[in-house]
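Q: Got a predicted model here, sequence first, then my questions.
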Amino acid sequence: MKGRTIILDHINEREAAALMVDGKLSDILVAGDAPAPGTIYRAIADRPVKGQGGMFLKTPDGSAFLRQVKGLSPGQPLLVQVTGYAEEGKAIPVTQKVLFKSRYAIVTPDAPGLNISRSIRDDDMRDELMVIAKEVMDGREMGLIIRSCCAEASPEDIADDVEEMAQLADNVINDDSDEMAMLVAGDGPHVLAWRDWTEAAEVVTQTGGFEDHGVLDALEAAEGAFESFGASGGMYIEPTRALIAVDVNTGNDASLAAGIKANMLCARRLPQALRVRGLAGQITLDLAPMPKKDRRAFEVALRAAFRTDEIETALVGWTPLGHYELQRKRVRLPLSEVLG
């Protein structure tokens, strides 16, 4: 089945959204019990962490941790936004750089200026979008980023979306209460699908869509550690308490180029495999044997694959033992946790 399909359904009574591309599961979003990324709190400073430059905060949903903070005293209220999911037993990660993100626009209270996505290259379109931005944001000191999908949207839809986000930002920023509270809940899977999966796609909303479109079968396969490359071997993706270990094997391929072939397939498949499994944090690749001269080609392929991935991932580099390391932001819950 060719093309893109977005399926909105539920798994185990949890709201969920799946993206199928050419009949294969490309992404899955499942609601969890923890505060979702994007949630905005009025938190209360609790206690500093000596030597780390951070501070623990009190929120209605438990303890949060803010990094690189200065001039903050215990008991002081402040606005923070959840940046990802916490590891087990750790505090909710938050930032003071609050963003209001929707399908067509991102309002940035702490970064003034009107900006249009660089991927929109048509000068006439950029001028039209700048006119919309100036009209809606007139009199507001906040910044605005017009997202790339505005190239295919109507001016009315863009203006309405920008106005809605700007009004929400006004309400939150101008709320002068000192009480601890959750001010904005993070978006759920169905809203996230509308917000971030912006390429043209068929949208399926009827109950049972996951079963009808093969999502449940794909999730069952993703619960296993092995990701097959066919005749070129495969990779095992296994989470431990400390990191995510990825072991690349050549299988029955005994050719001289078996190692580089398997490693290149790993580079292309890894972003999708991590997205579907909801895995993040420190990731270590134990690659198949290949000459050092081929490392450059592998890095180029890996960088190209993650360039189109929405989740922030730092390609750290090679270790003395020849492993490759990555650091990936925890904006998804592990599949095993939400389906368990």
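A: Sure thing, it's come through. Numbering: from 1, shown residues only.
Q: part of a helix, is residue 336?
A: Yes. Counting by DSSP: H, G, I helix; E, B strand; the rest coil, residue 336 is part of a helix.
Q: Would you mark the buried spots in stretch 299-315?
A: For stretch 299-315, burial by neighbour count (16 or more other C-beta atoms under 10 Å) applies to 301-302, 305-306, 311, 313. (C-beta placed from N, C-alpha, C; glycine too.)
Q: okay if I get the residues you listed as JSON lines plus pLDDT and distance to residue 260?
A: JSON lines is the format used below for the buried residues of stretch 299-315 (pLDDT from 0 to 100; distance: C-beta to C-beta, whole Å):
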{"residue": "301", "pLDDT": "98", "distance to residue 260": "10"}
{"residue": "302", "pLDDT": "98", "distance to residue 260": "13"}
{"residue": "305", "pLDDT": "98", "distance to residue 260": "16"}
{"residue": "306", "pLDDT": "98", "distance to residue 260": "19"}
{"residue": "311", "pLDDT": "96", "distance to residue 260": "26"}
{"residue": "313", "pLDDT": "98", "distance to residue 260": "22"}
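Q: Of all pairs in these, which one spans the longest distance?
A: Spanning the widest gap among the buried residues of stretch 299-315 are 301 and 311, at 18.1 Å by C-beta to C-beta.
Q: rewinding a little: could you dump the buried residues of stretch 299-315 to CSV with secondary structure?
A: CSV is the format used below for the buried residues of stretch 299-315 (three-state DSSP):
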residue, secondary structure
301, helix
302, helix
305, helix
306, helix
311, coil
313, strand
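Q: out of the residues you listed, who's nearest residue 30?
A: residue 311 (15.0 Å).
Q: That closest one contacts residue 327, doesn't it?
A: No. Using C-beta atoms under 8 Å as the test, residue 311 is too far from residue 327 to be in contact (11.2 Å).
Q: ok, residue 314 to residue 237 distance?
A: Between residue 314 and residue 237 the computed distance is 18 Å (C-beta to C-beta, to the nearest Å).
Q: swap that for residue 249, sorry
A: Taking C-beta to C-beta as the criterion, residue 249 is separated from residue 237 by 12 Å.
Q: Between the two, tell me which one has more neighbours.
A: Using other C-beta atoms under 10 Å as the criterion, residue 249 and residue 237 rank with residue 237 on top: 24 against 20.
Q: per-residue confidence averaged over the helix or strand encompassing that one?
A: In this structure, residue 237 is located in strand 234-239 according to DSSP states H and E. Mean pLDDT, strand 234-239: 97.
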